[in-house]
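# Here is my input; please provide its structure:
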Amino acid sequence: MSRIFTTDHRRLGVLYLYLALAAVSVGTVLSLLIRVHRIWPDWRLPLYGLMKPEDYLALVTMHGTIMVFFVLTTAPQSGFANLVLPAQIGARRMTFPRLNAAAFWLAVLSFVILLAAFFVPQGAPISGWTHYPPMSAVAASGPGQGAGMDVWLASIAVFCFSAWLSAVNMLATILTERCQGMTWSRVPMTVWGWMVASILTLLVFTALLAALLLLFSDRHLGSSFFVPMGDLVNGRIVGHGDGSPLLWLHLFWFFGHPEVYIAILPGMGLATSIFANFSRRTVRGYRVMAGMLVAIGGLGLLVWGHHMFVSGMNPYAGTAFALTTMAIAIPSTVEVLGWLVLLSRGGLRLTTPMLFALGFLSFFIAGGLSGPLLAQPALDGYLHNTFFVVGHFHLVMGMAGVFSIFAGVYYWFPLLTGRKLNEFAGKLHFWITLICAYGTFFPMQLSGLAGEPRHYERLTGPAMDFSGILANERGITFSALTMGAAQLIFLWNIYRSARRGEAAEANPWQATTLEWAPAGVPLRVTHGPYDYEGEAHGAKRDSAAPEVILCQWEAASKQE
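The predicted structure follows:
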């Protein structure tokens, strides 16, 4: 029981990763059911029967919610930060251990509440993970919009409190617990990612909680924040005030777009660390790259309106949001160029963590290239409600985020267990997942260009006929099924290696960040986190292996 009800940050990090594993397992099963239904809409599921349109929409809603909140937010931010953040800055623990434990158990409670939506009368909500009013504000708007919608609101409200507590703890730890010599120019890039993501969390989850409370008020307290006068739902007038669905869009997307960076910034910091390590090169533009992470976070707060180009937005406001959306590509491009400089001289060690970091870079570029297209109001008007957008955000947020999680697990697994993951199984897992990810999500953009709409339960019917792209849909589904099966390789690798894997050295990757330093020794940082080149910076080298730096840190003297 002490291992479960613990305040130790490293054990909590492992528990966060277990929570993310449970969530991604459920989310993956839901996504595969979605894909199967799109090519065989009349197939009867074992023990369930025919999937109705509302069942399909419920799967879409719950899949999106689970993956965004409990996988892409929980694993890279709360999970990895608890595992290595204190060690990376030379701290003994998180600043507020009990607050840290409370944040985890609130996240667990939130996940359990969310899953309960499947079992309430009429089932889970069907208005998508974005829950636009009036559908989300009126229980009579469809199956699942009654108790299921209330359960969703309760779950995400609890998650907001969990995210706040976790973010406060991380910021307090980074600001107050750094060891001797750990100046801002010496913290690892992962710490910059966690810090900026924590600041974003405090700001945008506040807006989300406000939106949830207002929506609950509309549903149960007779207010009219989001439902306009005279709105007609299912044959009856439900609007009785001067509310506007656009208010929900502003509040939700003020959270929703920075959420992309909360999920991706820790991965960007990790990618820098891994590229520097396995190329054995110093990050020359360290301050610029750290500044670009801060710039991405700042600009991420200013782009939410590009999700609303088709809402009747004033064209001048649309132009402003288009400009800020294109502007955010500048710091992202600087980051990519910095990574390419690190990789440019060759001599790379293509270990499994390095391969997954390269996969992260690949998806970040491939998904990001379609972002400027959606930043143009004229183009977005056509593409907005199509599968082009689905393919875009699954590449740039979903796959890039997931590959950064895999990179972190493969990289830090020896730190947690003292053993290495099997390299052959890891590389097999990487290549199958990479190929199938592109085979799943890139064709979605082609379907979107052909006009395939989002959230449609089937592609053929009396009012429409997209039978011409059914072959593309079948390819997407078979690729998704193969990608899901490939994750069994990863789970087997984790299970087997934790018990009988190859024993790892104290610092198996010859890294120069502090999480690999000897435990229990007071540390004083003497130079930057990625000093892999030259003795000009005071690094000590092993003459037998001159490329390996042994001391990025040194024990602090008792006098100090």
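
# tally of neighbours for His455?
The number of residues packed near His455 is 14, by other C-beta atoms under 10 Å. For the C-beta atoms, the positions are set from N, CA and C on the backbone; glycine is no exception.

# That one: which element?
Taking DSSP states H and E as the definition, one finds His455 inside no helix or strand.

# give me every residue that touches it.
His455 sits next to Leu57, Val60, Gly128, Asn385 when contact means C-beta atoms under 8 Å, 6 or more residues apart in numbering.

# same thing with Val196?
Residues in contact with Val196, defined by C-beta under 8 Å, 6+ apart, are Tyr261, Leu265, Leu293, Val294, Ile296, Gly297.

# Recalculate using a threshold of 7 Å.
Leu265, Leu293, Val294, Gly297 (C-beta atoms under 7 Å, 6 or more residues apart in numbering).

# out of these, which are buried?
Among the contacts of Val196, those classed as buried by neighbour count (16 or more other C-beta atoms under 10 Å) are Leu265, Leu293, Gly297.

# Where does the second one fall, secondary structure wise?
Going back to what we said before, that points to Leu293. Counting by DSSP H and E, the element that carries Leu293 is helix 286-300.

# so what does that helix touch, helix or strand wise?
Packing contacts for helix 286-300, counted by 3 or more C-beta pairs under 7 Å, 6 or more residues apart in numbering; DSSP states H and E, involve helix 189-220, helix 245-279, helix 329-343.

# what ranges do the strands span in the stretch 301-450 of the chain?
Across the stretch 301-450 of the chain, reading from the start of the chain, there are no strands by DSSP state E, counting those that start in this stretch.

# Next, the most centrally placed residue in the chain: phi, psi?
The geometric centre of the chain, computed from its C-alpha atoms, lies nearest to Leu72 (C-alpha atoms, centre = their mean), at 2.6 Å. Main-chain dihedrals, Leu72, degrees, to the nearest 10: phi -70, psi -20.

# In space, what's closest to it - neighbours in sequence excluded?
Closest residue to Leu72 in three dimensions, ignoring its sequence neighbours and counting by C-beta to C-beta, 6 or more residues apart in numbering: Ala263, at 3.9 Å.

# which intervals of this structure have sub-threshold pLDDT?
Residue ranges of the chain with pLDDT under 70: 1-3, 463, 534-560.

# before we move on, the earlier item: would you reformat the helices and strands packed on helix 286-300 as a markdown table and include distance to Leu232?
Formatted as a markdown table, the helices and strands packed on helix 286-300 follow (distance: least, C-beta to C-beta, whole Å):
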| stretch | distance to Leu232 |
| --- | --- |
| helix 189-220 | 16 |
| helix 245-279 | 14 |
| helix 329-343 | 42 |
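
# Need the max-distance pair from the contacts of Val196.
Of all pairs drawn from the contacts of Val196, the one with the largest separation by C-beta to C-beta is Leu265 and Val294; the distance is 9.7 Å.

# Do you have the strands of the stretch 451-560 of the chain handy? List them.
Using DSSP E, counting those that start in this stretch, the strands assigned to the stretch 451-560 of the chain run over residues 460-461, 464-465, 523-525, 540-542, 545-551, 553-555.

# if we can go back for a sec, of all the helices and strands packed on helix 286-300, which one is nearest Thr460?
For the helices and strands packed on helix 286-300, distance to Thr460 was read as C-beta to C-beta. The smallest value, 30.5 Å, belongs to helix 245-279.

# and the angle from the closest one to helix 329-343?
Comparing the axes of helix 245-279 and helix 329-343 via axes from the mean of the first three to the mean of the last three C-alpha atoms, to 10 degrees yields an angle of 10 degrees.

# Would you mind getting the angle between helix 245-279 and helix 286-300?
Using the same axes, to 10 degrees, helix 245-279 lies at 160 degrees relative to helix 286-300.

# which other helices and strands contact helix 245-279?
Helices and strands in packing contact with helix 245-279 are listed as helix 189-220, helix 286-300, helix 329-343, helix 352-369, helix 400-417; criterion 3+ C-beta pairs under 7 Å, 6+ apart.

# 10 Å instead, please
With contacts defined as 3 or more C-beta pairs under 10 Å, 6 or more residues apart in numbering; DSSP states H and E, the packing partners of helix 245-279 are helix 80-88, helix 147-176, helix 189-220, helix 286-300, helix 329-343, helix 352-369, helix 400-417.

# Throw those into a markdown table and include distance to Trp431, thanks.
As requested, the helices and strands packed on helix 245-279 are arranged in a markdown table below (distance: least, C-beta to C-beta, whole Å):
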| stretch | distance to Trp431 |
| --- | --- |
| helix 80-88 | 24 |
| helix 147-176 | 34 |
| helix 189-220 | 26 |
| helix 286-300 | 29 |
| helix 329-343 | 19 |
| helix 352-369 | 8 |
| helix 400-417 | 12 |
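
# closest one to Ala137 among those helices?
Using C-beta to C-beta, the helices and strands packed on helix 245-279 put helix 189-220 closest to Ala137, at 4.5 Å.

# could you say which helix or strand contains the residue nearest to Ser166 when sequence neighbours are not counted?
Nearest residue to Ser166, sequence neighbours excluded (C-beta to C-beta, 6+ apart): Ala103, at 4.2 Å. Ala103 is part of helix 97-116 when elements are defined by DSSP H and E.

# That helix - contacts with which helices or strands?
Using 3+ C-beta pairs under 10 Å, 6+ apart, the elements in contact with helix 97-116 are helix 9-39, helix 53-65, helix 80-88, helix 147-176.

# now, of those helices, which is deepest in the fold?
Looking across the helices and strands packed on helix 97-116 with neighbours counted as mean count of other C-beta atoms under 10 Å, the highest average goes to helix 80-88: a mean of 25.
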